[in-house]
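Novice: next one to model:
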Amino acid sequence: MVSRPAAPPDAANVLGRGFDGRRPCTHVAADLTYVRAGSRWRCACLLVDLHDREIIGCSCGRRKDAALVKAALSNIEFPLDGIEASHSERGPEFCNAEIDAIPADFGIARSVSRPGNPHDNAVVESTNRILKRGLSRAGGSAPRRGCAPPCSIGSTGRTTSGSTRPWAT
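Specialist: Next comes the predicted model:
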């Protein structure tokens with residue numbers, strides 16, 4: 001399935017760069033990055049709680065697509081209806097009808113970075129850098145399957161806590 005961008009060029013950057021002073025589990029930022037897995041590169045999707053910069057969801061896969069984002073969302077171990085806003089870059093993995101339906105279903109406000117401005121997603125960009133630095137110190141690669149525990153998801157869409165999400169496949 002081809003995901004088409006749903007965010008218009010003038011879509012709002014609701015958070016701006018206001019990443020600090022958030023209550024727990026209310027504001028989430030997301031990004032995709034590439035990590036080494038054995039002799040291959042894999043794409044990792046990280047979801048970060050802006051309250052304490054904790055990684056609250058992640059997934060790893062071969063393709064940089066909406067399915068990877070949905071898998072990371074499936075790993076969040078608290079109710080999604082408590083999230084007030086989610087922030088991401090404007091890539092087609094995040095800005096498409098398939099992903100837009102999830103925040104809409106849970107009443108989550110969408111926020112997207114301004115075009116060509118990675119500083120608007122600096123929290124997750126920094127987390128990506130820390131992840132890559134940690135992997136390089138630990139031998140240079142991520143596990144071949146999924147992300148490091150507890151961020152793993154099976155093909156059933158069941159998270160490590162046993163919860164399920166309606167969009168997980």
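Novice: now the helices for the chain?
Specialist: 66-74, 97-106, 122-137 (DSSP state H).
Novice: off-centre distance for the second one?
Specialist: Its chain's C-alpha centre and that of helix 97-106 lie 14 Å apart, by Cα atoms, centre = their mean, to the nearest Å.
Novice: tell me the pLDDT at the nearest residue to E84 once chain neighbours are set aside?
Specialist: Computed as Cβ to Cβ, 6 or more residues apart in numbering, the closest residue to E84 that is not its neighbour in sequence is T26, at 4.6 Å. Where you see a C-beta, it was placed from the backbone N, CA and C, and this is true even at glycine. Listed pLDDT for T26 reads 90.
Novice: same question, P5
Specialist: 51.
Novice: so A109 is in contact with H87, correct?
Specialist: No. In this structure, A109 is not within contact of H87 by Cβ atoms under 8 Å, at 9.4 Å.
Novice: please give me every residue in contact with R133.
Specialist: R133 sits next to no residue when contact means Cβ atoms under 8 Å, 6 or more residues apart in numbering.
Novice: what's the spacing between it and V124?
Specialist: 15 Å (Cβ to Cβ, to the nearest Å).
Novice: now do W41 against K132, distance only.
Specialist: From W41 to K132 the distance is 12 Å (Cβ to Cβ).
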